[in-house]
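J.: Show me how the following folds:
(one chain, ligands or ions: 2)
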Amino acid sequence: MKVVNANEMREIDKRAIEKYKIPGIILMENAAYALLEEIERLNGKRITIVCGTGNNGGDGFALARLLLIRGYDVEVFCFSDPEKVKGDARINLDILLNMGIKVYNDLNKLENSIRYSDVVVDALLGTGLSGEVKEELKNVIDAINKGRLKLSVDIPSGINSDTGSIMGTCVFADITVTFECLKLGHILSEGKEASGKVIVKKIGIPVSCIEEQSVKIFTSDKEYPISLIKKRRLDTNKGDYGKVAIIGGNYKMSGAIILALKSALRSGAGLVCGVFPKTILDRVGALVPEAVYFPCEEKHEHIFLDDYCLNILFQKSNAIAFGVGIGNFDELLHPLQYILEHYEGPLVIDADGLNVLSRNKTILKSAKSKVILTPHPGEMSRLTGYDIDYINKNRINVAKSFAKEYNSIVLLKGSSTVVTDGEFIYINRTGNPGMATAGSGDVLTGVLVSLLGQGYSPFEAAILGSFIHGISGDRAYQKHGYGLTAMDLVDNLGFLFKKDIGSIKLE
Ligand SMILES: NC(=O)C1=CN([C@@H]2O[C@H](COP(=O)(O)OP(=O)(O)OC[C@H]3O[C@@H](n4cnc5c(N)ncnc54)[C@H](OP(=O)(O)O)[C@@H]3O)[C@@H](O)[C@H]2O)[C@H](O)CC1
Ligand SMILES: [K+]
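T.: Residues are numbered from 1 along each chain as shown. Ligands and ions are numbered 1, 2, ... in the order given. As a prediction, this is how the structure comes out:
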C-alpha cells in the first residue's frame with residue numbers, strides 16, 4: 001500500500017481536478033459519503049461535527065448535510081470566521097445555512113454537545129495544517145478529545161501529515177477515515193497512536209492518476225509483504241533452504257547468538273551454523289542442538305577470526321550475519337573489513353557489528369555484496385554522527401541517504417521500522433512496544449539471515465523480516481503482554497512459514 005505526504009496528496013488531487021476534470025466538489029461529496037458509511041456502522045444517532053475553514057471542514061459540512069437528510073441529530077460547529085471559508089467548502093457551508101442549519105461557534109455549547117453525542121467528528125484541520133496549532137483552536141481540540149467516540153476526517157487535527165508529530169496539540173482519534181492513500185502522519189511517530197484505527201476510502205480518483213505520482217514509500221497491507229513468501233515444493237531437502245552462518249557471541253553475551261541461531265532455524269533456514277568463541281560452546285550446544293558449530297579461539301574477551309577461518313566459512317555459507325553479542329572491539333574491524341571485501345554472498349550487520357563498523361564506516365563502500373544494516377536510533381547515531389533526536393524526527397531521510405551513500409539496505413528500528421534501499425521506502429507497521437526487550441534485535445537478525453539464505457533478495461528479506469518479526473511480537477503480546485521476551489518471539493516465528501501462508505489474512 002502506498003503512503004504519501006501532504007504535498008503528494010495535493011498533487012494527486014490537483015491532477016484529478018485539472019487533468020482528469022473531476023470537479024473538486026465531487027471529490028468532497030465522495031469524501032462525505034465515505035465518512036457517512038463509517039458513521040452508519042457506529043450505530044450512534046447524535047453526532048457533533050467540528051469544522052475548520054479549509055477543505056477538511058468542507059468534508060465536515062457536506063457530511064453534516066448527508067447525516068441530517070438521514071434523520072441523524074447533528075450539531076455543527078466552526079470556530080473561525082465563516083467568511084474565511086472558500087471554494088467547495090463554502091458551497092457546502094452555504095447549503096447547510098440554506099437548509100436553516102445553525103453553525104455554532106460557542107465553546108461551552110460544543111462541550112455540552114459533545115457530552116451528549118455518540119460520535120464527535122473532527123473536521124478541523126487536515127493535510128493543510130501548517131506550523132503549530134493556533135492558540136484559539138487548542139480548547140476546541142481539548143473539547144473534542146473528551147468525546148465518547150472520536151472520528152477524524154483525513155488525519156487527526158494537529159498531526160503533521162508528513163512526520164506524524166503533534167504540532168502543539170492534537171485530537172486523539174478512535175477512528176480516522178482518510179481518502180485514497182495513507183498519509184505518512186498516520187503511521188509515523190505520535191501520529192500512529194493519535195490516528196486510532198485508520199480506514200482508507202476511495203473517493204473517485206482514478207488509479208492511473210495516483211500511479212502518475214510515482215510514490216516511493218509503501219507499507220504493509222492484507223496482501224503485502226505476505227505475498228513475498230515463497231511456497232515450498234514438496235520434493236525438497238535442507239540444501240534448498242540455505243546454509244547460513246551467524247558470527248557473534250562472547251563469554252558475557254552468549255544469549256544473543258543462541259536467540260539468533262534459534263530464530264534462523266525457526267524462520268526456515270536449511271542449515272544454521274554458529275560461529276562463536278569456544279568458551280561458550282557448551283552453553284550454545286546445549287540450547288541449540290539443531291545448529292552446527294564453528295567454535296573459534298577467544299582473545300581478550302572476543303572471538304578471534306583470522307582470514308583463513310573466514311575463507312572456510314565463506315565456502316560453507318550462502319548468507320552471513322555478523323555482530324550479535326560479539327562485543328565492540330577495535331580488533332573486530334579487520335575481520336569485518338575482510339568479510340566485506342571478500343565475501344560474495346549477502347550479509348547482515350547488526351548490534352555490536354554496527355558499533356564496530358562505526359569505527360570506520362567507509363569499509364562499507366568496498367563491500368562485494370549487498371549488506372543489510374539493522375541499526376536502532378542509537379547505533380544509527382554512532383554511524384552517522386546525528387543525534388538520536390534528529391534521527392527520530394527524520395527517520396526516513398536519514399535511513400534513505402545512508403543507504404544510498406553506502407549502497408546498502410538500511411533497516412532503521414523503532415516504532416514504525418523504516419526499510420530502504422536508498423530509493424524506495426517500506427514502513428513496517430507490525431509489532432508493539434513489548435518488543436522493546438533484550439534480545440529482540442538478535443531474533444530479527446536470525447530471521448534476516450535465514451531469509452537471505454533461502455534466496456530472498458536483501459531488500460525483500462529486510463521488508464519481510466521486519467514484518468514477520470513484528471507479527472511474532474504481536475502474537476507474543478497476546479499471550480504475555482508487555483512481559484513478552486525475545487524467546488517468545490522465536491516461538492511464534494514458525495507459524496507464518498506454512499504452506500498456506502498466502503491465505504493468512506491480517507487486519
Ligand atoms: N483527495 C483528497 O484527499 C481530498 C481531500 N479533501 C480534504 O481536504 C483537506 C485538505 O484541505 P485544505 O483546504 O488544503 O487544508 P485543511 O482544511 O486541512 O486546512 C486548511 C485550514 O487550516 C487552517 N490552518 C492551517 N494551519 C493552521 C494552524 N497551524 N492552526 C490553525 N489553523 C490552521 C487554515 O487557516 P489559515 O487561517 O491558516 O489560513 C485553513 O483554513 C484534506 O485533509 C481532506 O480532508 C477534499 O475535501 C476532497 C479531496
Ligand atoms: K481532521
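J.: count of neighbours near Lys202?
T.: The number of residues packed near Lys202 is 11, by other C-beta atoms under 10 Å. Every residue, glycine included, has its C-beta placed from N, CA and C.
J.: any idea how far it lies from Leu354?
T.: 42 Å (C-beta to C-beta, to the nearest Å).
J.: again with Asp162
T.: In terms of C-beta to C-beta, Asp162 sits 28 Å off from Leu354.
J.: Which residue ranges make up the domains of the protein?
T.: Using automatic domain parsing, the domains assigned to the chain come out as 3-215, 243-503.
J.: closest to ligand 2 out of these?
T.: Ligand 2 lies closest, by C-beta to the ion, to one member of the domains of the chain: domain 3-215, at 4.3 Å.
J.: when you scan the closest one, is anything in it near ligand 2?
T.: Yes. Residues of domain 3-215 contacting ligand 2 under C-beta under 5 Å from the ion: 122, 152-153, 157.
J.: ok so, going back, output the domains of the chain in TSV; the columns should cover mean pLDDT.
T.: Shown next, in TSV, are these (pLDDT from 0 to 100):
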stretch	mean pLDDT
domain 3-215	97
domain 243-503	95
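J.: Stretch 370-390: how far from the chain's middle?
T.: A distance of 17 Å separates the centroid of the chain from that of stretch 370-390, by C-alpha atoms, centre = their mean, to the nearest Å.
J.: can I get the CA coordinates of it in PDB?
T.: The C-alpha coordinates for stretch 370-390 follow below in PDB (Å, rounded to 0.1, in the frame of the first residue of the first chain):
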ATOM      1  CA  LYS A 370      24.600  -6.100  -0.700                       C
ATOM      2  CA  VAL A 371      24.600  -5.600   3.100                       C
ATOM      3  CA  ILE A 372      21.600  -5.200   5.400                       C
ATOM      4  CA  LEU A 373      22.300  -2.900   8.300                       C
ATOM      5  CA  THR A 374      19.900  -3.000  11.200                       C
ATOM      6  CA  PRO A 375      20.600  -0.100  13.500                       C
ATOM      7  CA  HIS A 376      18.400   1.200  16.300                       C
ATOM      8  CA  PRO A 377      18.500   5.000  16.600                       C
ATOM      9  CA  GLY A 378      21.500   4.900  19.000                       C
ATOM     10  CA  GLU A 379      23.500   2.800  16.500                       C
ATOM     11  CA  MET A 380      22.400   5.000  13.700                       C
ATOM     12  CA  SER A 381      23.600   7.900  15.700                       C
ATOM     13  CA  ARG A 382      27.100   6.300  16.000                       C
ATOM     14  CA  LEU A 383      27.100   5.500  12.300                       C
ATOM     15  CA  THR A 384      26.000   8.900  11.100                       C
ATOM     16  CA  GLY A 385      27.000  11.400  13.800                       C
ATOM     17  CA  TYR A 386      23.500  12.800  14.000                       C
ATOM     18  CA  ASP A 387      22.000  12.900  17.500                       C
ATOM     19  CA  ILE A 388      19.200  10.500  18.300                       C
ATOM     20  CA  ASP A 389      16.500  13.200  18.500                       C
ATOM     21  CA  TYR A 390      17.400  14.300  15.000                       C
END
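J.: Residues contacting that stretch, please?
T.: The set of residues external to stretch 370-390 that reach it, using C-beta atoms under 8 Å, 6 or more residues apart in numbering, is 340, 346-351, 354-355, 357-358, 361, 364, 391-392, 394, 398-399, 402, 406-414, 441, 444-445, 448, 452, 457-458, 461-462.
J.: Any buried residues in stretch 416-430, and which?
T.: Within stretch 416-430, the residues that count as buried by 16 or more other C-beta atoms under 10 Å are 416-422, 425-430.
J.: just checking: which of the residues you listed also lie near ligand 2?
T.: Here nothing survives when the buried residues of stretch 416-430 are matched to ligand 2 using C-beta under 5 Å from the ion.
J.: Any buried residues in the longest helix seen in the chain, and which?
T.: Determined from DSSP state H, the single longest helix within the chain is helix 458-480. Neighbour-count burial for helix 458-480, counted by 16+ other C-beta under 10 Å, picks out 458-477.
J.: how about the helices in the stretch 51-200 of the chain?
T.: Along the stretch 51-200 of the chain, counting by DSSP state H, counting those that start in this stretch, helices occupy 55-69, 87-98, 107-116, 135-145, 184-187, 189-194.
J.: Identify the residues contacting the residue in the stretch 401-507 of the chain that ligand 1 sits nearest to.
T.: Residue nearest to ligand 1 within the stretch 401-507 of the chain: Ile427 (19.5 Å; C-beta to the nearest ligand atom). By C-beta under 8 Å, 6+ apart, the contact set of Ile427 is 3, 184, 187-188, 217-219, 396, 416-419.
J.: thought Ile26 was touching Gly204?
T.: Yes. If you go by C-beta atoms under 8 Å, Ile26 and Gly204 touch, sitting 6.3 Å apart.
J.: and those two? which has more neighbours close in?
T.: Set Ile26 next to Gly204 and count neighbours by other C-beta under 10 Å: Gly204 wins out with 17 against 14.
J.: And what about that one, helix, strand or coil?
T.: coil (DSSP: H, G, I helix; E, B strand; the rest coil).
J.: Can you verify my assumption that it contacts Ala31?
T.: No. The pair Gly204 / Ala31 is not scored as a contact, 9.1 Å apart, by C-beta under 8 Å.
J.: so where does the closest residue to Ala260 other than its chain neighbours fall, helix or strand?
T.: Nearest residue to Ala260, sequence neighbours excluded (C-beta to C-beta, 6 or more residues apart in numbering): Gly446, at 4.0 Å. For Gly446, the element it lies in under DSSP states H and E is helix 440-453.
J.: before we move on, what about Lys368?
T.: For Lys368, there is no host helix or strand (DSSP H and E).
J.: so it touches Glu344, yeah?
T.: Yes. Contact criterion C-beta under 8 Å: Lys368 and Glu344 qualify, at 5.3 Å.
J.: Please say which of these two ends up with more neighbours.
T.: Comparing Lys368 with Glu344 by other C-beta under 10 Å, the one with more neighbours is Lys368, at 13 against 9.
J.: how many neighbours does the nearest residue to Asp162 once chain neighbours are set aside have?
T.: Nearest residue to Asp162, sequence neighbours excluded (C-beta to C-beta, 6+ apart): Asn5, at 4.4 Å. If you count neighbours by other C-beta under 10 Å, Asn5 ends up with 20.
J.: need the contact list for Asn5.
T.: Contacts of Asn5 (C-beta under 8 Å, 6+ apart): 161-162, 183-184.
J.: ok, 10 Å please
T.: 11, 127, 160-163, 181, 183-185, 215, 217, 396 (C-beta atoms under 10 Å, 6 or more residues apart in numbering).
J.: Over to Gln454?
T.: Each residue near Gln454 by C-beta under 10 Å, 6+ apart is listed here: 229-230, 232, 240-242, 244, 267-270, 318-319, 461, 497.
J.: among these, which are in helices?
T.: Counting by DSSP H, these place Ala461 in helices.
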